[in-house]
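Student: sequence unknown, structure follows:
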């Protein structure tokens, strides 16, 4: 009996994993072709709340795609968006800084690129277009916040160790959704004055936001590929990773109602 039960549970687990489908999708922003990934539970027959995942400065790859798949396992329809464009992938951190810098220095282009992803996502039949949230990692966190500042019709934004500054803080008045910031308390790249300016920006605009800082965590704390040396300013932190993911899940449960 125990053997049969174990076999049944294993079969159910395999089926659950098999139901998560991933599709590569090309879409455009202006003349630029972008390449994103849809992830969804194929067993779901009705439209589901959706989450857009925005990649870090290395571009849309395995990390962001895996996060989209993890969200699909939670019952959401997910989309790993592509900000850089199809085939535009940095080969190293130096090149990544150049890619990210291009968009950070042109917030209008950054907003156009993420809004193109949002408009594409809304057209997917398995998405409940009235319940879409956006989350991002590092550069992706910055991007998610800029989408909210652009006045996008979304229900929530989550930033994991993202940059918080913006050249147009007054645009916070356009934010229509709730905001969750998951921050490494020891992040040397997002300095205390940037955090203070962000909180003032949100407070002045009366945005409904929550800011959580994880002690001992630095930049990139959700990514195992970041290594374990905090002295480099970027490192994985298992505890902060688990706690921030749990916070995200609770936030989505709240805003997706």
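Tutor: Arrived safely. Note that the structure is a prediction, hence the values are computed from the model and not measured.

Student: so for residue 7, what's the pLDDT?
Tutor: For residue 7, the model assigns a pLDDT of 33.

Student: do the same with the one 3 residues further on
Tutor: Residue 10 carries a pLDDT score of 35 in this model.

Student: do residue 2 as well
Tutor: For residue 2, the model assigns a pLDDT of 43.

Student: buried residues of stretch 150-164, list them for me.
Tutor: For stretch 150-164, the neighbour count (16 or more other C-beta atoms under 10 Å) marks 150, 152, 154-164 as buried. Where you see a C-beta, it was placed from the backbone N, CA and C, and this is true even at glycine.

Student: I'd like these as TSV, with pLDDT and distance to residue 65 appended.
Tutor: Rendered in TSV, the data for the buried residues of stretch 150-164 read as follows (pLDDT from 0 to 100; distance: C-beta to C-beta, whole Å):
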residue	pLDDT	distance to residue 65
150	98	25
152	98	23
154	98	21
155	98	23
156	98	21
157	98	20
158	98	17
159	98	19
160	98	16
161	98	19
162	98	19
163	98	22
164	98	25
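
Student: so which of those are in strands?
Tutor: If you go by DSSP state E, the buried residues of stretch 150-164 have 156-160 in strands.

Student: just to revisit the earlier point, make TSV out of the buried residues of stretch 150-164 and add distance to residue 187.
Tutor: Shown next, in TSV, are those (distance: C-beta to C-beta, whole Å):
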residue	distance to residue 187
150	25
152	26
154	25
155	27
156	22
157	18
158	16
159	12
160	11
161	6
162	10
163	10
164	10
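
Student: so which of the residues you listed comes closest to residue 121?
Tutor: Distance to residue 121, by C-beta to C-beta, is smallest for residue 154 among the buried residues of stretch 150-164, at 10.2 Å.

Student: so who does the closest one touch?
Tutor: 118, 132-134, 147-148, 176-177 (C-beta atoms under 8 Å, 6 or more residues apart in numbering).
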